[in-house]
Structure formats: structure tokens, C-alpha cells
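Student: Sharing a model that was predicted from the sequence below.
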Amino acid sequence: MEENKHIRSFLDSVKIHVSAFGRFIHQPYLACFCESPRILSQWRSYGESGKGYCIGLKFSEKTKILADLENPEKKYDLYLRKVIYSEEKQNFLVNTFLDESANCLSSILKNSGFDDRKKNQFSTSIAAALNNILIDMILCFKHEAFKEEKEWRLIRVLLDYEEPETVRFREKESVLIPYLKTNIIEYLEKKEEMSFPISSLFFGPSLDKNVTESALRIFLFNQSKSDSKILIKNPGRIKIDGMGYTLRS
């Protein structure tokens, strides 16, 4: 019974930590990707009503995701996760994790020899530590209504006081949006040379196919000749295509 009291305290602490995420101390930053370029709802929502562009990336063992090009060896907690849409799977992952954590904690407390105060402190500290794993899960959860997106998320979480100089801001429809600059690159034969791993470039269903395709070819060729730190290699191999259907405004 004594351990049950501390397990309840542990679960209450977990709930407090998770509820506070994103409002106090921890701030998540996400970059979202989609497995397919041809989903009409995506073009309507994010592609300027079919007038936008979709950049296709090809990830390999050479691909690096860097927060700072000047300090490529510096470690950041950047991770790529596939979004889970099934509510059943979401509940299973969270409940299994909490059940196993609570059982493990109960066993430790039972054999610890701690007094009541020490047990409470230990339970609270474990809840804080496990919070990171739960948040990792939650940041990959989304309502099943969006499952056609087949989304992946590039995630980085900062503390409020951590590296404020890295946080930038942009404005969209009068809303101020904080963001972090992130670079997706591949190193070339010369270590100091980097390329952007673009494999395709699709344009929206509201744009003229011939005019847009020609303009994009010229754009990619010009970018490959630029003096940018991150190059576009072999622009002729990059697939350029429209949607194969027209979106009328």
C-alpha cells in the first residue's frame, strides 16, 4: 500500500510535467515532411492553393542535419520521427510505457530501504526524467483524420534559457512565429563542400506546366553555378514534374 501511494504520486508528477510542456521551460520546434507530393489536400492547405512547390529530398547515410554549419561537430538533439495517427497505437505506446515504468519503480522502492520522504523525492525525479521519453512520443502523435499526409517530423526541443541567439522569427498573416535555422546537407569529396540532397521538384496543380517546368530548369541550373555554401549538384538529374491534374480556383 505504501508503494501504491508513491506510484500515484509518480503518475501525478508525470501528468504535471507533460501538461506543462510547450508552455513552460521546454519549447518544441518542428519541420514537417510528407511522403507523397501528390496529395490534393496538402496543396490546398500549404501550397498557396496549388500555386506552390514541393521539394523532394533523398536521405542516405551521407545526409547530415545540422543546426550550425560553422560548428558541424557540435551535437544537437535533432531527431526525425514518423507520425503515428492510430489512436489505438498511441494509447498502447503510452500506457505500456507508463505501466512498465510504474512496475519497475514499485519494485525499486520496495527494496530500496528509503524512508517515506526519500521515496517521494525519488519518484518525482524519475517522473521528470521519463518526461523526455513521453514527450518524444507525443510529438509524433496526430489525429487520425490527417493520416493521408503520411507525415514525418524533424524535431528539436530547446529550453527557454538555452541558446536564445539561435531563435529567429518570421511573420505570417500577422502571427509572429519563432523558428530555428536548420541545414540538411551532404558532404562532397572535399570536406568543405556541401550539397543539398534534393531529388525532385514538383509544382502545384494551378501552375502552367510548360512555363513552370522551363523556369525551374533554368533556376536549378543557375543555383548549381552559384557561390552558395550549399550547392545543388547535377541539376539535370533532378526530377521536375506537375501533378497531372488541374486545381481550379
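Tutor: Right, received. Where do you want to start? Numbers count the residues shown, from 1 in each chain.

Student: From here on, just use CA atoms for contacts and neighbour counts.
Tutor: Noted.

Student: how about the residue nearest in space to the middle of the chain, what does it touch?
Tutor: With distances taken as C-alpha atoms, centre = their mean, residue 154 lies nearest the centre of the chain, 2.3 Å away. Listed by C-alpha atoms under 8 Å, 6 or more residues apart in numbering, the contact set of residue 154 reads 30-33, 78-81.

Student: any low-confidence regions in the protein?
Tutor: For the chain, applying pLDDT under 70 flags the ranges 1-3, 22-24, 75, 191, 248-249.

Student: show me where it has strands.
Tutor: Taking DSSP state E, the strands of the chain run over residues 26-34, 53-57, 63-66, 78-82, 151-159, 167-172, 175-180, 183-187, 194-195, 198-203, 230-231, 239-241.

Student: Run through the helices of this protein in chain order.
Tutor: 2-20, 40-46, 87-110, 116-138, 209-224 (DSSP state H).

Student: Just put these in CSV and tack on distance to residue 160.
Tutor: Listed next are these as CSV, based on distance: least, C-alpha to C-alpha, whole Å:
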stretch, distance to residue 160
helix 2-20, 13
helix 40-46, 29
helix 87-110, 26
helix 116-138, 16
helix 209-224, 37
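
Student: Nearest to residue 173 among those would be which one?
Tutor: helix 40-46 (13.5 Å; C-alpha to C-alpha).

Student: Tell me the helices and strands packed up against the closest one.
Tutor: Taking 3 or more C-alpha pairs under 8 Å, 6 or more residues apart in numbering; DSSP states H and E as contact, there are no helices or strands that helix 40-46 lies on.

Student: Quickly note the distance from residue 30 to residue 112.
Tutor: Per C-alpha to C-alpha, to the nearest Å, residue 30 is found 40 Å from residue 112.

Student: And those two? Which one has more around it.
Tutor: Under the criterion of other C-alpha atoms under 10 Å, the comparison of residue 30 against residue 112 puts residue 30 first, with 17 against 11.

Student: so what's that one closest to, chain neighbours aside?
Tutor: residue 155 (4.8 Å; C-alpha to C-alpha, 6 or more residues apart in numbering).

Student: sorry, back to before: make a markdown table out of the strands of the chain and add distance to residue 45.
Tutor: What follows is those, written out as a markdown table (distance: least, C-alpha to C-alpha, whole Å):
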| stretch | distance to residue 45 |
| --- | --- |
| strand 26-34 | 13 |
| strand 53-57 | 12 |
| strand 63-66 | 26 |
| strand 78-82 | 20 |
| strand 151-159 | 14 |
| strand 167-172 | 14 |
| strand 175-180 | 17 |
| strand 183-187 | 24 |
| strand 194-195 | 30 |
| strand 198-203 | 14 |
| strand 230-231 | 29 |
| strand 239-241 | 20 |
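
Student: For residue 214, which of the ones you listed is the nearest?
Tutor: strand 239-241 (9.4 Å).

Student: Can you redo the helices of the chain as TSV, where the extra columns are mean neighbour count?
Tutor: Output for these, formatted as TSV (neighbours: other C-alpha atoms under 10 Å):
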stretch	mean neighbour count
helix 2-20	16
helix 40-46	16
helix 87-110	14
helix 116-138	16
helix 209-224	14
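
Student: which stretch among the ones you listed comes nearest residue 176?
Tutor: Residue 176 lies closest, by C-alpha to C-alpha, to one member of the helices of the chain: helix 40-46, at 17.7 Å.
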